[in-house]
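Trainee: mind folding the following:
(chains A and B)
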Amino acid sequence: MEDRSQTRRDFMKMMSMGAMAALSLGSLSCTQARVEAFLQKHFREMTEAEKKEAIRRLEETYFRKYGKKFHISTQPADAAVLWGYGLDLSRCIGCRRCVYACVKENNQSRINPQLQWIRVVRLKDGSLINLENTEHYYNPEKVPEPGFQYMPVQCQHCENPPCVRVCPVHATWKEPDGIVVVDYNWCIGCRYCIAACPYKGRVFNWGEPNIPPEELNTEVHYLGNRPRMKNVVEKCTFCIQRVRNGRYPACVEACPTGARKFGNLLDPDSEIRYIIENKRVFRLKEDLNTEPKFYYFFSA
Amino acid sequence: MEAWIFFKKTIRMVFVGTKVYYLWCAFLLAIIGVAIAFYIKQLDAGLIVTNMKDQVSWGLYIGNFTYLVGVAAAAVLLVIPAYIYHFDPIKEIVVLGELLAASAIIMALMFVLADLGRPDRFWHIIPFIGILAFPDSLLAWDVIVLNGYLVLNTIVPIYILVKTYFGKEPVRKYVIPLVLLSIPWAVGIHTVTAFLYNGLAARPFWNASILAPRFLASAFCSGPAMALIIFQILRKTAGLKIKNEALFKVAELMAYAMFINLFLLGAELFKEYYSGTIHLAPMQYLFQGLHGHDSLVPWIQSAMVMNITAFLIFLIPATRKNLITLNIGSLLIIVGVWIEKGLGLIVPGFIPDPLGEIYEYLPNINEIAISLGIWAFGLFIFTLFMRIAIPIQRGDFSHSKYAHEAGRTQYERDQSIRKTSENS
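Mentor: Below you'll find the predicted structure:
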């Protein structure tokens, strides 16, 4: 009896010592980074110093995870800019190169879950407005197919975004240049914004995002294409990391037919303004009063 | 000091009971244990272990949440006749009804937590500590009204029970304002929950002004149905005193509620089918199937049959006042409304999705296990509530009785009772 209790006590002692050792040795910095990330404030409530600290921590985390040095920008919006997007439906051939350029540029999860911010749907000629008749999974030998029209849909960057209104924690908002962004570190994963979006502009990381390290894009923006974590919502940001640096979004660059146009709505000489003023333009589901800044048009 | 002794005694109370009580608790704890294992798996891998997708981004969890908010709201169907119309047979069970509402709210909140992708960031939604998007987000409203309702429905019954334990009459001027407040608040929780879906223009199935009234009407059927069954079980097992009269009265009120529920559903079906616009699609998906996809059709059809049968049972006095048919009707309502408000409301809202895609969702084993676990937890909490509440109401568990057992003489005990009755 005496002996057995002695061994039990020894066993307990050994176990607790082991646990202590594991806790203290088991990558202390990792635990600390986790605690700091847990306590991290909303992006818009951070001071400049806190932002710097958050960026440093993120860059460290990404380096540990992917073995790559990231450059995370927090470049703010330019007050003289309001971004607008034009999409020429008479030119789109449904090749979906934009989709894959977007996936690559914006570090979307590739497999399980597979995430895409742009969805190109196929419609029969003459039934463009009725989105009930869309075909999502078509795979022809050659595009375009006769008798069909293709319509890429992505976040429309609404002036009155329903997704922003419903978010219970203000984890998503509209930037002064019109880009609707998400603070991935603040999103609680309730998916109310997905329910509220009439354009399927948002997707959810149902599992841990999966990107081959060699395909990572390390030039990122905090509110844009930096790697995400599981169970948060993400969306098109008009390639915030590019457009705030004077570049076109990746989808615009990738389009082989030049169907995609992008520019500053406040600049009367911009191409997007020319399109709105001179082409037959429409916006998706205008009856919902969301005021998209994504303009579909016909050049032919 | 007295309060501390009371607290210690209640703790002791829940650990002792009959064999049936232990078996029941063990049964519930076993289900909870299995659910915890599944939840740990979900925490680890993410919501990918569920059958939800971007196309149908809410499923069984949010369906159960919606249903349980209705069950909680329905406690007013006991509160109103008891406190406003002083219908005495119900007065005896109203405290139990409020505790049922509290248990339902706890379950509803747990379902939201189970659905949350990042429960680790739960604090973001707590006012002042995080950022609660009030008044923009209806989810923020829901957080406030649900927690407020939970507080109301725990402090009122606990106050009444503690007073009863000490052999005193509850002070009406404290109880009545809170009870009166709980009536509009109950309507409020279900209205806000309806508005949560109702306000989304992207989802035409929910974006109908009739949604909130329909929610209330169906809630006033399902909640009381659950109460009817539970009270009869407690009458058999725990010696709860409750008259048939009270049960029949509740059943009568349920018949009216079910009539309004069916009428509003008919009104909605008429509008959608007669005008036949593009907004008909989710309704078609639910009731007939759309483009060959019809996995919800047998569910909603059986729900309709159950609800109409139950309505007839509760409408006809002969079947309403027969305990066997009454129980059949209650079970039909519990299941029928669960289908209508769970799978039948949340899922078709997402089908077809905004770009016309159809993804047929049915919950998988992970979601079912976690949901059963939350139900078991709610029943467990409710069982513990009843373990304390019923003996207090019966007078078996009271201050004077324990004082007597602690060695006081019969004379002293009588004195203390006399004193308390003089005071009140």
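Trainee: report the buried residues of stretch B:269-280.
Mentor: By neighbour count, with 16 or more other Cβ atoms under 10 Å in any protein chain shown as the criterion, the buried positions of stretch B:269-280 are B:272, B:280. No exception for glycine: its C-beta is placed from N, CA and C like everyone else's.
Trainee: off-centre distance for that stretch?
Mentor: Its chain's C-alpha centre and that of stretch B:269-280 lie 32 Å apart, by Cα atoms, centre = their mean, to the nearest Å.
Trainee: what does that stretch contact?
Mentor: With contacts defined as Cβ atoms under 8 Å, 6 or more residues apart in numbering or on different chains, stretch B:269-280 is touched by A:130, A:132, B:204-205, B:208, B:283, B:287.
Trainee: closest one of those residues to B:Ile300?
Mentor: Nearest to B:Ile300, judged by Cβ to Cβ, of the contacts of stretch B:269-280 is B:Phe287 at 6.0 Å.
Trainee: surely the closest one meets B:Trp299?
Mentor: No. If you go by Cβ atoms under 8 Å, B:Phe287 and B:Trp299 don't touch, sitting 10.5 Å apart.
Trainee: quick one: name the residues of the stretch 251-400 of chain B near chain A.
Mentor: Taking Cβ under 8 Å from any Cβ of the partner chain, the part of the stretch 251-400 of chain B that reaches chain A is made up of B:278, B:281, B:349-350, B:352-357.
Trainee: mind saving the C-alpha coords of stretch B:134-141 as CSV?
Mentor: Extracted as CSV, the C-alpha positions of stretch B:134-141 are listed here (Å, rounded to 0.1, in the frame of the first residue of the first chain):
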residue,chain,number,x,y,z
PHE,B,134,-24.7,48.3,-32.8
PRO,B,135,-27.1,49.4,-34.3
ASP,B,136,-25.9,48.4,-37.8
SER,B,137,-25.8,44.7,-37.5
LEU,B,138,-28.9,42.7,-36.6
LEU,B,139,-26.6,40.1,-35.2
ALA,B,140,-25.4,42.7,-32.7
TRP,B,141,-29.1,43.3,-31.8
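Trainee: so, low pLDDT: which residues of the chain?
Mentor: Answering for chain A, as no chain was given. Along chain A, segments meeting pLDDT under 70 span A:1-30.
Trainee: could you do chain B instead?
Mentor: Residues of chain B meeting the criterion pLDDT under 70: B:92, B:401-424.
Trainee: just the closest residue of it to chain A, please.
Mentor: Using Cβ to the nearest Cβ, the single residue of chain B nearest to chain A is B:Gly117, 2.0 Å away.
Trainee: can you count the residues close to that residue?
Mentor: Residues lying near B:Gly117 (other Cβ atoms under 10 Å in any protein chain shown) number 22.
Trainee: same deal with B:Phe397?
Mentor: So B:Phe397, with other Cβ under 10 Å, has 21 neighbours.
Trainee: now do the contacts for it.
Mentor: Neighbours of B:Phe397 in contact, by Cβ under 8 Å, 6+ apart: B:9, B:13, B:165, B:388, B:391.
Trainee: assign the last one to helix, strand or coil.
Mentor: What DSSP: H, G, I helix; E, B strand; the rest coil gives for B:Pro391 is helix.
Trainee: quick check, it in contact with B:Met13.
Mentor: Yes. Counting by Cβ under 8 Å, B:Pro391 touches B:Met13, with 7.2 Å between them.
Trainee: compare these two (neighbour count), which wins?
Mentor: The residue with more neighbours, out of B:Pro391 and B:Met13, is B:Pro391; 19 against 15, by other Cβ under 10 Å.
Trainee: so how far is B:Lys9 from the residue lying closest to that one once chain neighbours are set aside?
Mentor: Among residues not flanking B:Pro391 along the chain, B:Phe397 sits closest, at 3.6 Å (Cβ to Cβ, 6 or more residues apart in numbering or on different chains). Separation of B:Phe397 from B:Lys9 (Cβ to Cβ, to the nearest Å) stands at 8 Å.
Trainee: repeat that for A:Leu82.
Mentor: Look at A:Leu82 and B:Lys9: by Cβ to Cβ, they are 68 Å apart.
Trainee: more neighbours: which of the two?
Mentor: Neighbours per residue (other Cβ under 10 Å) separate A:Leu82 from B:Lys9, with A:Leu82 holding more: 20 against 14.
Trainee: for that one, list the residues it contacts.
Mentor: Contacts for A:Leu82 (Cβ under 8 Å, 6+ apart) come out as A:177-178, A:264-266, A:293.
Trainee: and for B:Leu113, the neighbour number?
Mentor: B:Leu113 has 14 neighbours, counted by other Cβ under 10 Å.
Trainee: what's the answer for the one 3 residues further on, then?
Mentor: Applying other Cβ under 10 Å, we find 19 other residues in the vicinity of B:Leu116.
Trainee: repeat for B:Gly266
Mentor: B:Gly266 has 10 neighbouring residues, counting by other Cβ under 10 Å.
Trainee: what about the helices in chain A?
Mentor: Secondary structure of chain A (DSSP state H): helices at A:2-25, A:28-39, A:48-66, A:97-105, A:162-166, A:192-196, A:240-243, A:250-254, A:271-278.
Trainee: kindly report the same for the stretch 101-250 of chain B.
Mentor: Along the stretch 101-250 of chain B, counting by DSSP state H, counting those that start in this stretch, helices occupy B:138-165, B:172-198, B:211-237, B:244-275.
Trainee: which one is A:Gln75 nearest to, not counting chain neighbours?
Mentor: Closest residue to A:Gln75 apart from its sequence neighbours, by Cβ to Cβ, 6+ apart: A:Arg244 at 4.8 Å.
Trainee: residues contacting the one you found?
Mentor: Shown in contact with A:Arg244 (Cβ under 8 Å, 6+ apart): A:73, A:75-78, A:177, A:221.
Trainee: let's have those residues in TSV, adding distance to B:Leu47 and neighbour count.
Mentor: Shown next, in TSV, are the contacts of A:Arg244 (distance: Cβ to Cβ, whole Å; neighbours: other Cβ atoms under 10 Å in any protein chain shown):
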residue	distance to B:Leu47	neighbour count
A:Ser73	30	17
A:Gln75	32	12
A:Pro76	33	11
A:Ala77	32	16
A:Asp78	37	14
A:Asp177	32	21
A:His221	26	23
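Trainee: if we take these, which one ends up nearest to B:Ala30?
Mentor: Nearest to B:Ala30 out of the contacts of A:Arg244 is A:His221 (Cβ to Cβ; 49.6 Å).
Trainee: spit out the contact partners of that closest one.
Mentor: When contacts are counted by Cβ under 8 Å, 6+ apart, A:His221 touches A:72-75, A:237, A:240-241, A:244.
Trainee: all set, thanks.
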